[in-house]
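compute the structure for the input listed below.
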Amino acid sequence: MAANGAAPGVVPEALDFCFELACAGTLVEGAALHTVPVPARARCASCAAEWAVGMPPDLGCRSCSGGGVELLSGRELQILDVEWAEHGRPDVPAEQKG
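Below is the predicted model of the structure:
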């Protein structure tokens, strides 16, 4: 991931690659995956300081050097929407048409 504070848990390029493989040879082959990274943020359990984790991940408290850190955001992976558009697929049964 880029140094823009994106999530350290999901690598967009790997997700795109796996999505393409999973769709290959299926009804949704050629589907597009659109992602929006969630910036990773952490909080120190000792002093409650919060900061952007960044890349590489910085999980040490900058305020008190404490090691008890809670990741507040940045691991999210949520499907917000699925759009289905038919492009001349006469082999699609009516119950699968979106």
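
and the residue at minimal distance from the centre of the chain, what's its pLDDT?
Central residue of the chain (CA atoms, centre = their mean): residue 77, 4.5 Å from the mean position. In this model, residue 77 is scored at 75, pLDDT.

and the one 3 residues further on, by the same measure?
Model confidence at residue 80, expressed as pLDDT, equals 75.

again, but for residue 34
83.

next one: residue 84
Per-residue pLDDT puts residue 84 at 68.

what do you get for the one 4 residues further on?
Reading off the confidence values, residue 88 has pLDDT 54.

what about the strands in the protein?
41-44, 50-52, 69-73 (DSSP state E).

run a quick neighbour tally on the closest residue to residue 50 other than its chain neighbours.
With sequence-adjacent residues excluded and distances taken as CB to CB, 6 or more residues apart in numbering, residue 50 is closest to residue 43, at 4.8 Å. All C-beta atoms are positioned from the backbone trio N, CA, C, and that covers glycine. For residue 43, the count of nearby residues is 16 (other CB atoms under 10 Å).

could you do the one 10 residues further on as well?
Using other CB under 10 Å, residue 53 has 21 other residues around it.

again with residue 19
15.

list the contacts of the nearest residue to residue 29 once chain neighbours are set aside.
Closest residue in space to residue 29, ignoring its immediate chain neighbours: residue 23 at 5.2 Å, by CB to CB, 6+ apart. By CB atoms under 8 Å, 6 or more residues apart in numbering, the contact set of residue 23 is 29, 30, 31.

for residue 41, same thing?
Contacts of residue 41 by CB under 8 Å, 6+ apart are 5, 50, 51, 52, 53, 71, 72, 73, 74.

just the buried residues from these, in PyMOL please.
Applying 16 or more other CB atoms under 10 Å to the contacts of residue 41, the buried members can be selected in PyMOL as follows:
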select buried, resi 5+51+53+71+74
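
export the contacts of residue 41 as CSV, with columns for pLDDT and distance to residue 82.
As requested, the contacts of residue 41 are arranged in CSV below (pLDDT from 0 to 100; distance: CB to CB, whole Å):
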residue, pLDDT, distance to residue 82
5, 38, 27
50, 92, 33
51, 89, 34
52, 89, 30
53, 86, 30
71, 87, 28
72, 90, 28
73, 87, 23
74, 82, 24
